[in-house]
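Participant: the following block contains a protein sequence and its predicted model.
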Amino acid sequence: MDHTFTNHTGISIQVSLSGYSFKVYTPDGITASPWQGAERIFTTPEFQRRYDMVEISLLTPKVTLVPEPFLGSMPARRALEEVVKLDEGDFVETVPVPQLGSVLVFSNSIGESLSKVLSQTVLPASGEPVRVYPEMYYLLCTLEDISEYNKIVASWKDGWLHLVIAQGKSLRLCNVFQAPDFTTAQYFIFLGMKQLQLNPEVSTVCFRTPLDQEAEMSLYRYFKAVVQL
């Protein structure tokens, strides 16, 4: 989504097993919500209107980034099964990431229905339901909007850290880590940076999911800056 609006409006919704958060974009600025429970979706006033642009992401750990030539030689399901465990009924999808010459292979079958309900409830002006993409897709798209050379973008919720690290136009890391608490999530961020020989003291870390004050201050002890996108 292009988040630079003139006379347009937009909404970005992130969904996990425990609920959702959202950001509303208007010509007057951005309004962000904290993480909320699924029981509130039908009383959330921001969901009762239509927008010029709507994006919905699911924090699914069932995702992998595959170079376009590699995917052409194997089925998408097999490519995903090489890195995550899939159940027999899991539905596998793909979305191109042309700026990286790759395809994101993913499954939204993680035992929730909230993302589907939202995609049919929060509609763009056309009235057509929007497609739900994995959170990793939007992390990768965000890289182009970051001007710094070291680009660290993450989302964390419900025990999973979604992490992307790039240097300039080169993607260096794209993975999902099991992190039951935020201390473990930080560990994987620092581990990835150490392997790539990146110094957090001169780097900015960006989070798409909401951070509470304790988590944000913990990151500030190590990074030059912390940005909540």
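Facilitator: Good, I have the coordinates. Numbers count the residues shown, from 1 in each chain.

Participant: could you point out the helix or strand that follows the helix or strand that contains S115?
Facilitator: In the assignment (DSSP states H and E), S115 maps to helix 114-121. Using DSSP H and E, the helix or strand that follows helix 114-121 in sequence is strand 132-134.

Participant: for that next one, which strands pair with it and how are they oriented?
Facilitator: strand 53-58 (parallel) (DSSP bridges).

Participant: pull the CA atoms of stretch 222-229 into CSV?
Facilitator: Taking Å, rounded to 0.1, in the frame of the first residue of the first chain, the C-alpha atoms of stretch 222-229 are listed here in CSV:
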residue,chain,number,x,y,z
TYR,A,222,20.9,-1.2,21.9
PHE,A,223,19.7,0.5,18.8
LYS,A,224,20.3,4.0,17.4
ALA,A,225,16.5,4.4,17.0
VAL,A,226,13.3,2.4,17.2
VAL,A,227,10.5,3.1,14.7
GLN,A,228,7.0,1.8,14.8
LEU,A,229,5.7,1.7,11.3
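
Participant: show me what counts as buried in that stretch.
Facilitator: Residues of stretch 222-229 classed as buried by neighbour count (16 or more other Cβ atoms under 10 Å): Y222, F223, V226, L229. For every residue, glycine as well, the C-beta is placed using N, CA and C.

Participant: likewise for stretch 40-58?
Facilitator: Buried, per 16+ other Cβ under 10 Å, within stretch 40-58: I41, T44, F47, Y51, D52, M53, V54, E55, I56, S57, L58.

Participant: the last one and Y138 touch, don't they?
Facilitator: No: with contact defined as Cβ atoms under 8 Å, L58 does not reach Y138; the gap is 10.4 Å.

Participant: how far is the longest helix along the chain from where the chain is centred?
Facilitator: In the chain, taking DSSP state H as the definition, the longest helix is helix 182-195. Distance of helix 182-195 from its chain centroid, counting by Cα atoms, centre = their mean, to the nearest Å, is 17 Å.

Participant: what's the helix or strand just after it packed up against?
Facilitator: Counting by DSSP H and E, the next helix or strand C-terminal to helix 182-195 is strand 204-207. Packing partners of strand 204-207 (3 or more Cβ pairs under 8 Å, 6 or more residues apart in numbering; DSSP states H and E): strand 150-157, strand 225-228.
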